[in-house]
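>>> 3D, please:
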Amino acid sequence: MSAADTTLSPDRSPLRIHNFRCYWIARLSMTLGQYAMMLVIGWQTYDIARNSGLGVAAASGQLALIGLLQFLPLFVLTPFSGLAADRFNRKTVGRLTIGLQFACAVALAILTYSDRLTLTSLFAVAVALGVARAFNGPALSALAPNLVPKALLPNAIALSSISWQSGMIVGPAVGGYTHAIVPFLPYAIAAGLFILAIIALSLIGQVPRCTITGAQRPIAQVIDGWRYVIHNKMVLGAITLDLFAVFLAGATALFPVYARDILMVGETGLSQLAMAPAIGAVVSATWFSFRPLKTGVGPKMLAAVGIFGVATVVFAFSKSMPLSLAMLFIVGAADMFSVYIRQSLVQLYTPDEKRGRVSSASLLTISASNEGGDAFSGWLASLIGPVAAVAVGGVGALVTVALWGWLFPVLRNTRTFDPPEALEDEYPEEKLQEQIP
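Okay, the predicted model is just below:
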């Protein structure tokens, strides 16, 4: 891939492609709904626990349980959901999973409106959301490269990240502020956003489909996908770096604790805490959508994860809301920097016929780091307190960077996004170019 191929100009923007525009709108709408729900679920879980007489440590443990219940379905189902993304229509899988999230939003809206919401119902919805995300992530991640020519893929990944991160900014704001007005309102809004996402996915036209080669039995195909991940050191190193760094340094599960009992800024302050890293991520993703990274991609990814860890440590000890927001902004920008590089490398270094299964492996590590990290943070906070738990996690991220730079020399030695020659011809370039007006 030449430097010219990676420069985004107005007439080469992926957003000029109809299918990608629909995909972008669908992902933005879905993410808005997801993060509006997730923030309110965390707030309601912690608030119900505290109002029932539990202390800060015990209530933090309930947040850990929410994270664990979302992660377990992902852990069990993700290998098979990746196969589903490779064998079935990826648009159909996406629509079905968004429909399940719509059902969860409606259920929570009704329970909140009727004042019948309990920890048990929140835990049940967490499991259902875990099932939906297990199948949704691989299908939508594997769909994106089918919508644009390979020269535009890094730009498309950056734009896709903008839709995701924009949802992470506005979603928590929608959740926190509308919950303060009418408690059931964020769930009703989320339900509407999920309907919009389903409609946008339905408007995507025909896209190139791949055929799975090699092993034909489903279990063998699942194993084949995971074997590819294990043997491709670039893919394995990139996704496991995120797994361990974010698993250790994830502070998002403890935002309700910081908002209610440390910074004492309430549910609107909670929205601001949730929005700050997403704003940083959007700034970073927007930059890369117009100025794609060209050189030093591996070392820069490692450096970004290191900055992520340092900012997390500073946030842990902050008692100032402005300083906390500034550190979370840096956390989000650094995380987006590494995500942009990681996703570009994983997509470009993976054949299309395996992309769903490799995406599922990536999703599993992301979920292990996010939901599993939430559970770990909540559990650790119940033992040593929330401040110490976040600080220890940030230090753990720094240790991970040093260790991964040594264990995976390919990460520190990779300079560009150029994929191996064997993958150069696997993109259906002519068909995709025909979609650009």
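
>>> surely residue 127 meets residue 76?
No - applying C-beta atoms under 8 Å, one finds residue 127 not in contact with residue 76, separated by 10.8 Å. C-beta here means a position set from N, CA and C on the backbone, and glycine is covered the same way.

>>> for the stretch 251-400 of the chain, what spans make up the helices?
255-257, 266-290, 297-317, 321-348, 352-384, 386-407 (DSSP state H, counting those that start in this stretch).

>>> give me the element residue 238 is part of.
According to DSSP states H and E, residue 238 maps onto helix 233-249.

>>> What is that helix packed up against?
helix 218-231, helix 297-317, helix 321-348, helix 352-384, helix 386-407, helix 409-413 (3 or more C-beta pairs under 8 Å, 6 or more residues apart in numbering; DSSP states H and E).

>>> For the fifth one, name the packing helices and strands.
Same thing as helix 386-407. helix 233-249, helix 297-317, helix 352-384, helix 409-413.

>>> Now tabulate the ones you listed in a markdown table and tack on mean neighbour count and distance to residue 334.
Compiled in a markdown table, those are given as follows (neighbours: other C-beta atoms under 10 Å; distance: least, C-beta to C-beta, whole Å):
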| stretch | mean neighbour count | distance to residue 334 |
| --- | --- | --- |
| helix 233-249 | 23 | 10 |
| helix 297-317 | 21 | 4 |
| helix 352-384 | 24 | 15 |
| helix 409-413 | 15 | 16 |
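
>>> Give me the below-cutoff pLDDT ranges for the stretch 301-437 of the chain.
349, 351-372, 417-437 (pLDDT under 70).

>>> let's see 80
Along the stretch 301-437 of the chain, the model assigns pLDDT under 80 to residues 339-340, 342-379, 411, 413-437.

>>> Flag every buried residue along stretch 399-409.
400, 401, 404, 405, 408 (16 or more other C-beta atoms under 10 Å).

>>> backbone phi and psi for residue 295, please?
Torsion angles at residue 295 (phi, psi; degrees, to the nearest 10) stand at phi -130, psi 160.

>>> Nearest residue to it in space, please, no chain neighbours.
residue 415 (5.7 Å; C-beta to C-beta, 6 or more residues apart in numbering).

>>> List the contacts of the one you found.
Residues in contact with residue 415 (C-beta atoms under 8 Å, 6 or more residues apart in numbering) are 295, 296, 297, 298.

>>> Tell me if I'm right that the first one and residue 416 touch.
Yes - contact criterion C-beta under 8 Å: residue 295 and residue 416 qualify, at 6.4 Å.

>>> so is the residue in the chain sticking out farthest from the centre in a helix, a strand, or just coil?
No residue in the chain sits farther from the centre than residue 53, which is 33.5 Å out by C-alpha atoms, centre = their mean. Using DSSP: H, G, I helix; E, B strand; the rest coil, the structure places residue 53 in coil.
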